[in-house]
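Q: got a sequence here, can you build the structure:
(one chain, ligands or ions: 1)
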Amino acid sequence: MLFKEITGQYELKRQLIQTVTDKRISHAQLFVGSEGSGNLALAIAYAQYICCQNKQDGDSCGHCKSCIKFQKLVHPDLHFAFPVNTIKNSKQKRDEITSDSFIAEWRKLLTGFPYLSEQNWYEYLGIENKQGNIGKSDAEAIQQKMIFKPFEAEYKFMIIWLPERMNTTAANKLLKLIEEPPANTLFLLASKNIDQIIKTILSRTQLIRVPSVDTQSMQKMLAEKYDLSPNETQVLTRLAAGDVLAAIKIYERHEAEQDFFDNFKLMMRFAYAQKFVELLNWVEEIVKLGREQQKSFLHFCQQMIRETFIMNMQIQNISYLTDREQDFAQKLSQFITPKNVESIYAALNLAASHIEHNGNQKIIFSDLAIKFAELLIKT
Ligand SMILES: [Zn+2]
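A: Presented below is the predicted three-dimensional model:
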C-alpha cells in the first residue's frame, strides 16, 4: 500500500517517513483513529515504506521486489492478526481457527481498497451476527511467527487490527512479546477505540493519533470518485466529518434512496394538488414493493419531512445531499409548518406500524395518501 493511496493525512505521513529517515522506529506503535481515517492503511503503508528498496518523493516506489509483495500483502515478513470468529454453519471451534484461516479474504478486501470497517469485515466473512475477537489461538500463532528472523526484509512486521478485540488470555500471552520484541520486529496496531484496549497492552505501545481527514483532501477524493456537483461534494464532505468510509456509506445509501425520493416527491405533489386519481395510482405502484422496502420508504419520508421542517424553521446545516433534493425541499418547506408537522409524522408512524403488523398494504397507503392530501391543504 502506498501512502498516496490514502486520502489526506499529509502531516502524519511526513512524521512517519521522518522516523525512517532518522532511524528511530519504535518497536510497538498504536495507530488510533476512526475506521475511515486510514489508520490501518497507514500502518501497512508505513511497513511497506520501511522495506522499500527505492524510496522516493515521500513514498514507496511501488515497483521494487519488496513493494510488489507488499502491494499484494504477501510479503513473507508481513504478518497480520485481526478479529475473527467461526462462520455460519461451520463445525469448527473458535480455537481451531486463527487470522490465517481468513488471510485470503483479508488480502482480497484490502488490496481492492485500503479502508475496511469492522462491520464490513464480519459481513464479508459471514459472521455478522457474532463479533470477532483476537483470542488464544491467534496469540499463539503470533508467538510462533515472531520466533523466526526476518526472511527478506530488515524488519518483520506484525500488524494487529482492532487490538480492542483482544481477550485477556491473548493479551497476557503477548504482553512480553510486545514489550520486548525479538530484534528487528515491529508491532503496528490499528485501533478505533483506545478505551477498549486492555491497559497492559496499551501501556506498552507508542500512541499515534490519526486525525480526521482534512476537508480539502476529502473533497478532492470525492470529486474524483463520484459524479457530484461542487455543492454536493461540499455537503457530503460535511456529513462525512473526516471519515472516508462514512462518506462512501452516505453516498451509497443515498444512491439506493433515489427511488424513494422520486416516490416521496410524487406523493407530496399529488397530495398538495388534491389529485386523488393520481394518488391512488401511486398507491398501486407502492404496494408492489416488499414490506421491508415499504418500511424503509416510510422511514425515508419521515427523514425528508423532518429536514424540510428544519429548513422551514430556517435552521442552517441541513443535510440534503443533492441539489435536486434541496430544490424540492425548498419548495416543499412552505407546506410543512408547526401546525401540520406533528400530524404528518404521526401518519407516517402509524403507516409504518401497520405495515410492520402485516396490515393490508393497499389500505394503509391509500389512507396515508388521503391523510396527506388533507394535512397539506389545511396549512
Ligand atoms: Zn519499493
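
Q: rest of the way, CA atoms for contacts and neighbours
A: Noted.

Q: quick check: the residue of the stretch 101-250 of the chain nearest the ion.
A: Among all residues of the stretch 101-250 of the chain, residue 153 sits closest to the ion, at 11.7 Å; criterion: C-alpha to the ion.

Q: that residue belongs to a helix?
A: No: counting by DSSP: H, G, I helix; E, B strand; the rest coil, residue 153 is not part of a helix but coil.

Q: buried sites along the lowest-mean-pLDDT helix or strand in the chain?
A: Counting by mean pLDDT, DSSP states H and E, the weakest-scoring helix or strand in the chain turns out to be helix 323-332, with a mean of 80. Residues of helix 323-332 classed as buried: 325-326, 329, 332 (neighbour count, 16 or more other C-alpha atoms under 10 Å).

Q: what's the neighbour count on the nearest residue in space to residue 212 that is not next to it in sequence?
A: Excluding the flanking residues, the one nearest residue 212 by C-alpha to C-alpha, 6 or more residues apart in numbering is residue 242, at 4.4 Å. By the criterion of other C-alpha atoms under 10 Å, residue 242 has 22 neighbours.

Q: same thing with the one 5 residues further on?
A: By the criterion of other C-alpha under 10 Å, residue 247 has 20 neighbours.

Q: tell me what the one helix or strand it maps to is packed against?
A: Here residue 247 sits within helix 244-256, counting by DSSP states H and E. Using 3 or more C-alpha pairs under 8 Å, 6 or more residues apart in numbering; DSSP states H and E, the elements in contact with helix 244-256 are helix 230-240.

Q: who does the helix it packs on touch, helix- and strand-wise?
A: helix 215-225, helix 244-256.

Q: can you tell me which of the ones you listed comes nearest to residue 194?
A: Nearest of these to residue 194, taken as C-alpha to C-alpha: helix 244-256 at 19.1 Å.

Q: quick check: buried residues in whichever helix or strand comes after the closest one?
A: Where DSSP H and E defines the elements, the next helix or strand beyond helix 244-256 is helix 258-272. Neighbour-count burial for helix 258-272 flags 260-261, 263-265, 267-272 (criterion: 16+ other C-alpha under 10 Å).

Q: wait, residue 204 sits on residue 28?
A: Yes: with contact defined as C-alpha atoms under 8 Å, residue 204 and residue 28 form a contacting pair (7.2 Å).

Q: worst average pLDDT in the helices and strands packed on helix 230-240?
A: Ranked by mean pLDDT, the helices and strands packed on helix 230-240 bottom out at helix 244-256, which scores a mean of 90.

Q: got the angle for that helix vs helix 215-225?
A: Orientation of helix 244-256 against helix 215-225 (axes from the mean of the first three to the mean of the last three C-alpha atoms, to 10 degrees) gives an angle of 40 degrees.

Q: ok, residues contacting helix 244-256?
A: 7, 35-38, 115-117, 213, 218, 236-237, 239-240, 321 (C-alpha atoms under 8 Å, 6 or more residues apart in numbering).

Q: hmm, 7 Å instead?
A: The contact list for helix 244-256 (C-alpha atoms under 7 Å, 6 or more residues apart in numbering) reads 35-37, 236-237, 240.

Q: how about the residues you listed in JSON lines, adding distance to the ion, neighbour count and pLDDT?
A: Formatted as JSON lines, the contacts of helix 244-256 follow (distance: C-alpha to the ion, whole Å; neighbours: other C-alpha atoms under 10 Å; pLDDT from 0 to 100):
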{"residue": "35", "distance to the ion": "26", "neighbour count": "23", "pLDDT": "95"}
{"residue": "36", "distance to the ion": "25", "neighbour count": "25", "pLDDT": "97"}
{"residue": "37", "distance to the ion": "24", "neighbour count": "26", "pLDDT": "98"}
{"residue": "236", "distance to the ion": "35", "neighbour count": "24", "pLDDT": "92"}
{"residue": "237", "distance to the ion": "33", "neighbour count": "26", "pLDDT": "94"}
{"residue": "240", "distance to the ion": "33", "neighbour count": "22", "pLDDT": "93"}
